[in-house]
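Asks: whatever this is, show me its structure:
(chains A and B)
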Amino acid sequence: MAGKVKWVTDIEKSVLINNFEKRGWIQVAENEDWNFYWMSVQTIRNVFSVETGYRLSDDQIVNHFPNHYELTRKDLMVKNIKRYRKELEKEGSPLAEKDENGKYIYLDFVPVTFMLPADYNLFVEEFRKNPSSTWIMKPCGKAQGKGIFLINKLSQIKKWSRDSKTSSFVSQSSKEAYVISLYINNPLLIGGKKFDLRLYVLVSTYRPLRCYMYKLGFCRFCTVKYTPSTSELDNMFVHLTNVAIQKHGDDYNHIHGGKWTVSNLRLYLESTRGKEVTNKLFDEIHWIIVQSLKAVAPVMNNDKHCFECYGYDIIIDDKLKPWLIEVNASPSLTSSTANDRILKYNLINDTLNIAVPNGEIPDCKWNKSPPKEVLGNYEVLYDEEMAQSDGTERDLRARPGQPTGVKGSRARESGKPVLTTWK
Amino acid sequence: MVSLHKPEIKLESLKEDIKDFLKTSGWEKKLQNAVYSELNVFPSPCHPAAPSEHIKEPLAYMRKAQGSWEKRILKSLNSMCTELNIPLAQKRPANEQKELLNKWNEMGTDEPDLSLFRPVYAPKDFLEVLMNLRNPNYENGEQPSFRNHLGLIQVPLKVKDIPELKEDFNELGLNIGQLGIDDSAQVPPEFFENEHVHVGQKVLAEQDSAAAQQYVRQGCPTALRADLWALILNVSNQPEDILYYEQLKSNVIQHDLLVDNLIYKDVKLTASNDDYYFVFEDYLYQVLLCFSRDTSVLEHFTYSSATPPKSYIQGKLGMEEYAVFYPPNGVIPFHGFSMYVAPLCFLYHEPSKLYQIFREMYVRFFFRLHSISSHPSGIVSLCLLFETLLQTHLPQLFYHLREIGAQPLRISFKWMVRAFSGYLATDQLLLLWDRILGYNSLEILAVLAAAVFAFRAVNLMEVTSLAAAEAVLADLSTLKVMPLLQIFLFATVT
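Replies: This is a model prediction of the structure:
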């Protein structure tokens, strides 16, 4: 089909625009005929809303799924994972196996979370079981660390209890709803510093599930020394690793931006902890990402015009267990350092290569199976179709001693749970 | 030793019994390792009548040059001291001691005013000194021509050529498995890697230093590296070692040294800005501040061409009874010094072990990179080796760079002085340092420097200025060290 791809975006970021321009695509306005629209989450809401929405034609592609919030809103993500676990339990699936304390062995990867004000009483019950614990309050609809605070006393969230007692309680607008999660106060520290992991995951379709993981994720370090002491609870520089917050700390460095590559993390862990536990950690990280996607797959509107690149935030505790903190639908495309800019530029480049094959005018009816050569820095995380057709080892074999890569996790990602290889 | 108190011990067989006991308890191995370690570090025994200064450095003109260089450094340090009116050392007041103790694990968050401090010297200052080295007994009346050495180093030290290097670095050969090459994603692990890891585990189980040193010539698996290096360097982190470290720490708390500021400044300027090492900033202070106060480091001066600077208690100038070494370990840090420690933080997260490993690496290798000597692993020999390799095997490139005012050594000097720390990606750097330990020599640094030039030769031939040449060689972070070395030594037509 002749003609150049016509693109629109309402996110004015150079890493995006440079990528469109380098492909020779043509910029158009929203009300014109377009083929590719990189939208903000507000725009996607309008496109797919019942009142203002419109049908997309076969040659139009957008970068969000209509109801991505099932995964990317903190409360809905937790709700979907809880539902998924219960379903597996009901089916008697071995994945839902629990240990002697009643904790899921394979599916306990989200810190204990409650919605407020709805689950306030349930939360209080849990809080009282461990009164010295710290909890983190996060507004459901905000990003970049906005509105987050820590509490260690019930009195600090009295506000939410009062409201829940109101008999004619009307659910507040989604903006004011909060989730409260058990704060992981034993994070793995490196150089005495706390960090979290940001990983990029591209989903091209939910049913069948096909997702890719970007090999070049990074660790975000807190600029201030981590201390679990109660006096430091208010110091957000200590506890939150969002770059948006760290950037304003005294020690923020604009050369490295407090970021480490995942390959550095792997090298450090292999060198200090050994290969087996490091491989296990990375396998678990891949596992929890795939499980989170499987959890929302049934409720996702698998619109064929859509793909999505998520920013996964994961924290590792000092027992080398990964925890899923949240999933972002619009991972930041702002660059805080030169390295950052290169990374995000390449991320978009590889994403576009997969989502818009050959850089030509898309046809949303295509089979969404890009050839291996275009993956760039992405690697296949899970391909449900392939997993179901054969349960054998994927051709992707990562190597010990390599900074990145996953060894032997493919068997686990097959449609049937392969428990013997898991532990 | 309890077993020796038993009544079964017979005097006749005592000698044999002790030998057996040493073997079964593992002490024989430990003794062997300790002896092996000494053999690696100390120079071979020489003529009993040789004066101690000849053991430090046999060539008189080198000794003299090192002496002048030291005078210069000390003068610079003393004048900084006078200018800023800060004593070389002083006891900390009690409240300051308490504060430092509390902040011991996060000294990086401290923001002392370091603007007035400058590094005592930078590598390029040192290069100028080396360039001016001359052997007064060697008259080279010839005009410089293609036959002569065209580089910056003009002393006639013997350096190896490629055939000799091939022999020495035999295990880097094309038909021998290497980590850094034969463990890449395309190579099935059954070919080399699995077996190599297996052998490594056995070496560690045997706790044999000599075997470990031989083993690491083919590279260390990441999971085994920390233990293998500790075995080779004979660092075991015994309770007395931990105690010694704690004692050094308390010295830091009690006394403030001028060089502490130099250390802070260096870390802030180098490691804190490094993509790989910024995370470990606090560990660097914990290691380097203790290092400055460690008088056991003075022992290495018996085989180093350097001599620790002496300072006198105020008012007692020239009176030997009032002389102290300054700093206590006799090593004045220069710009980039902290980068010797930084890569080790990827391997050891326990401060006292990290400390000991660094100290051993320093007294075994790193001291040679910033002192003037004729030793084959000394920086002078490395520079000459680099220039000779380049001139012999890439004469066109060498000549071209010289013509445009871009003497190759001006660019590669800083790589070698830092043992490439901060220039290579960490995983590559560690593979390189594996070989330094394995071959007990720093010559590989010069070979790698030449190999890098060879690799970028095409681009370098096109440049027309020093700045442009620097730009071509500014970023080494994507280089794969082992293929470069292998190709340069074993696959280049000589």
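
Asks: which residues in the stretch 251-400 of chain B form strands?
Replies: With strands called from DSSP state E, counting those that start in this stretch, the stretch 251-400 of chain B shows them at B:255-257, B:310-312, B:323-325.

Asks: now find how far off-centre the last one is within its chain.
Replies: On the basis of CA atoms, centre = their mean, to the nearest Å, strand B:323-325 is displaced by 25 Å from the centre of the chain it belongs to.

Asks: and it, which residues are buried?
Replies: Buried residues in strand B:323-325, counted by 16 or more other CB atoms under 10 Å in any protein chain shown: B:Phe325. From N, CA and C alone the C-beta is placed, and that goes for glycine too.

Asks: and what of stretch B:387-404?
Replies: B:387-391, B:393-394, B:397-398, B:400-401.

Asks: start to end distance for it?
Replies: End-to-end span of stretch B:387-404 (CA to CA, to the nearest Å): 16 Å.

Asks: equivalent analysis for stretch A:54-61, please.
Replies: 13 Å.

Asks: just the mean pLDDT for it, thanks.
Replies: Mean pLDDT, stretch A:54-61: 87.

Asks: name the helix or strand for A:Val78, please.
Replies: A:Val78 belongs to helix A:74-91 when assigned by DSSP states H and E.

Asks: need the contact partners of that helix.
Replies: By CB atoms under 8 Å, 6 or more residues apart in numbering or on different chains, the residues outside helix A:74-91 that reach it are A:69-71, A:95-96, A:104, A:107, A:110, A:113, A:115, A:138, A:140, A:177, A:179, A:291-292, A:294-296, A:299, A:326-327.

Asks: any of those buried? List them.
Replies: A:69-71, A:95-96, A:107, A:110, A:113, A:115, A:138, A:140, A:177, A:179, A:291-292, A:294-296, A:326-327.

Asks: show me those residues that map onto strands.
Replies: When DSSP state E defines the strands, the subset of the buried ones among the contacts of helix A:74-91 inside them is A:113, A:115, A:138, A:179, A:326-327.

Asks: neighbours of the closest residue to B:Asp282 other than its chain neighbours, how many?
Replies: Distance criterion CB to CB, 6 or more residues apart in numbering or on different chains; nearest residue to B:Asp282, sequence neighbours excluded, is B:Gly108 at 4.7 Å. Neighbours of B:Gly108 under the rule other CB atoms under 10 Å in any protein chain shown: 26.

Asks: which of the three states applies to B:Gly108?
Replies: Here B:Gly108 is recorded as helix under DSSP: H, G, I helix; E, B strand; the rest coil.

Asks: so what's it scoring on pLDDT?
Replies: 80.

Asks: that one and B:Ser272 touch, don't they?
Replies: Yes. The criterion here is CB atoms under 8 Å, and B:Gly108 meets it with B:Ser272 at 7.3 Å.

Asks: find the residues that touch each one of these two.
Replies: Contact criterion CB under 8 Å, 6+ apart; residues shared by B:Gly108 and B:Ser272: B:Glu281.

Asks: circling back: nearest to B:Pro87, of the strands of the stretch 251-400 of chain B?
Replies: Closest of these to B:Pro87 is strand B:255-257, at 8.5 Å (criterion: CB to CB).

Asks: tell me the helices and strands packed up against the closest one.
Replies: Counting contacts by 3 or more CB pairs under 8 Å, 6 or more residues apart in numbering or on different chains; DSSP states H and E, strand B:255-257 is packed against strand B:89-91.

Asks: and the strand it packs on, what does it pack onto?
Replies: strand B:255-257.

Asks: now do the buried residues in the strand it packs on.
Replies: Those would be B:256-257, for strand B:255-257 by 16+ other CB under 10 Å.

Asks: adjacent strands (with direction) for it?
Replies: Note on strand B:255-257: by DSSP bridges, its sheet partners are strand B:89-91 (antiparallel).

Asks: distance from the strand it pairs with to the middle of the chain?
Replies: Taking mean C-alpha positions (CA atoms, centre = their mean), strand B:89-91 and its chain are 29 Å apart.

Asks: and if you look at stretch B:357-371?
Replies: The answer for stretch B:357-371 is 4 Å, by CA atoms, centre = their mean.

Asks: can you check stretch A:280-292 too?
Replies: With CA atoms, centre = their mean, you get 12 Å for stretch A:280-292.

Asks: just the CA trace of that stretch, in PDB.
Replies: Written as PDB, here are the backbone C-alpha positions of stretch A:280-292 (Å, rounded to 0.1, in the frame of the first residue of the first chain):
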ATOM      1  CA  LYS A 280      15.600 -17.300  40.300                       C
ATOM      2  CA  LEU A 281      15.000 -13.600  41.100                       C
ATOM      3  CA  PHE A 282      14.800 -12.600  37.400                       C
ATOM      4  CA  ASP A 283      12.700 -15.600  36.600                       C
ATOM      5  CA  GLU A 284      10.300 -14.600  39.300                       C
ATOM      6  CA  ILE A 285      10.200 -11.000  38.000                       C
ATOM      7  CA  HIS A 286       9.200 -12.300  34.600                       C
ATOM      8  CA  TRP A 287       6.700 -14.600  36.200                       C
ATOM      9  CA  ILE A 288       4.900 -11.900  38.100                       C
ATOM     10  CA  ILE A 289       4.700  -9.700  35.000                       C
ATOM     11  CA  VAL A 290       3.100 -12.500  33.000                       C
ATOM     12  CA  GLN A 291       0.700 -13.400  35.800                       C
ATOM     13  CA  SER A 292      -0.400  -9.800  36.200                       C
END
